[in-house]
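S.K.: Return atomic coordinates for the entry below.
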Amino acid sequence: MSAVPPARAMILAAGFGTRLGPITERRPKPMLPVCGSPLVRWAVRWLAHHGIEDIAINLHHLGEQIEAELGDGSALGVRIRYSPEHGQILGTGGGLRQARPLFDPGDGAPIVVVNGKILLELDLHAVLAAHWAHGGEATMVLRPDPEGRWGRPLRLDADARLVELVGERSPVVREPLGGPLMFTGVHVLEPRFLDRIPPEGEQCVVRTAYRAAAAEGRVFGFVSERYWWEHSTPERYRQGVWNVLDGGIDLPHAEHALRGVHPEAIVEDGAELVPPVWIGAGARVGAGARVGPHVQLGERATVARGVSLRQVVVWEGVAVREDAEDAVLVGDDVRG
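M.R.: This is a model prediction of the structure:
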């Protein structure tokens, strides 16, 4: 039997990000910077770190920013192709359906799908090994959700087969084992799984293909308790940055230091930095300013003299002229 071809990947990046409010009037959610790298770049580097070189990305709201950031992927050691969704957003299922020619040439390679709004610790090699061992059509990466905060829970049986999805119990599997779980937005799919997505219009992959495959016992789960964070609100975005600044997260795919002051930043005499902070190249902190703890100051951003910042994300090139706390400063007095 011939070896399975290397996995390919798709990053889902076409949403509006409405819960982020005015923040996403400036950038799409996958372009939110975390310690100098947009989330979508983090996703590409995570895939590349695990040896995946062929990546498709769907685009909609301000999608040209994502394409400008990543280009053809060569600078990151990968090949990236784009699937623009003009007019109507196609949803998680419709987006996969439209982009399929970009990542499924018909050689049977599995497809890794990752949501472009997350940052995570996860050994993708272990997930792929579990997927191959189970022999199913899909493997969902799941997390414990004992309080049910993420909607209706998912449950697995003793063989890691999905037993419950969107409130429905599969008739071909045993009773659930363990507590409720939530979907992380990372999954591995066999190409034939995509045949289950309806051929037209906006479609949710969970409510279409997953519902049908789970009813036949063809979906499995991989449970991880390692770091995972999604950035769908200003509060969660800020907290996600603080999590990285606090350290203790294993991110070997990071492309530069995640704490401290870039050598090309300027901190004037009399300014006080209270760790943890991340200050990018070309940024300037004025005399008498107090920056930190938990401040991310983007490249070329400036903090005026005497200004105090605490728990603040400042985007690239933004001039901060007044005190701020618990905020995302994106420019022109727009904040989240």
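S.K.: Can you show me the helices along the protein?
M.R.: Applying DSSP state H to the chain gives helices spanning 39-49, 63-70, 91-103, 124-134, 211-215, 234-245.
S.K.: Compare these and give me the one nearest residue 182.
M.R.: Residue 182 lies closest to helix 234-245 among the helices of the chain, at 14.4 Å (C-beta to C-beta). Backbone N, C-alpha and C define where each C-beta goes, glycine included.
S.K.: Reformat the helices of the chain as a markdown table; add mean pLDDT, distance to residue 153 and mean neighbour count.
M.R.: Shown next, in a markdown table, are these (pLDDT from 0 to 100; distance: least, C-beta to C-beta, whole Å; neighbours: other C-beta atoms under 10 Å):
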| stretch | mean pLDDT | distance to residue 153 | mean neighbour count |
| --- | --- | --- | --- |
| helix 39-49 | 98 | 25 | 23 |
| helix 63-70 | 96 | 32 | 17 |
| helix 91-103 | 94 | 19 | 22 |
| helix 124-134 | 96 | 20 | 17 |
| helix 211-215 | 93 | 14 | 20 |
| helix 234-245 | 97 | 20 | 19 |
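S.K.: what would these look like in TSV with distance to residue 181?
M.R.: Formatted as TSV, the helices of the chain follow (distance: least, C-beta to C-beta, whole Å):
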stretch	distance to residue 181
helix 39-49	21
helix 63-70	30
helix 91-103	18
helix 124-134	15
helix 211-215	13
helix 234-245	20
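S.K.: which residues of this protein score low on pLDDT?
M.R.: For the chain, the stretches with pLDDT under 70 are 1-4, 16-17, 148-151, 167, 170-176, 332-336.
S.K.: Could I get the full set of strands for the stretch 201-336 of the chain?
M.R.: Here the stretch 201-336 of the chain has its strands, by DSSP state E, counting those that start in this stretch, at 219-223, 228-230, 260-261, 266-267, 272-273, 277-279, 284-285, 290-291, 295-297, 302-303, 308-314, 319-320, 324-331, 334-335.
S.K.: could you give the angle of the first one to helix 124-134?
M.R.: To tie it back to what came earlier, the one meant is strand 219-223. 150 degrees (axes from the mean of the first three to the mean of the last three C-alpha atoms, to 10 degrees).
S.K.: List of residues touching strand 219-223?
M.R.: Residues outside strand 219-223 that contact it (C-beta atoms under 8 Å, 6 or more residues apart in numbering) are 126-127, 130-131, 134, 136-144, 154, 156, 159-162, 165, 181, 210, 213.
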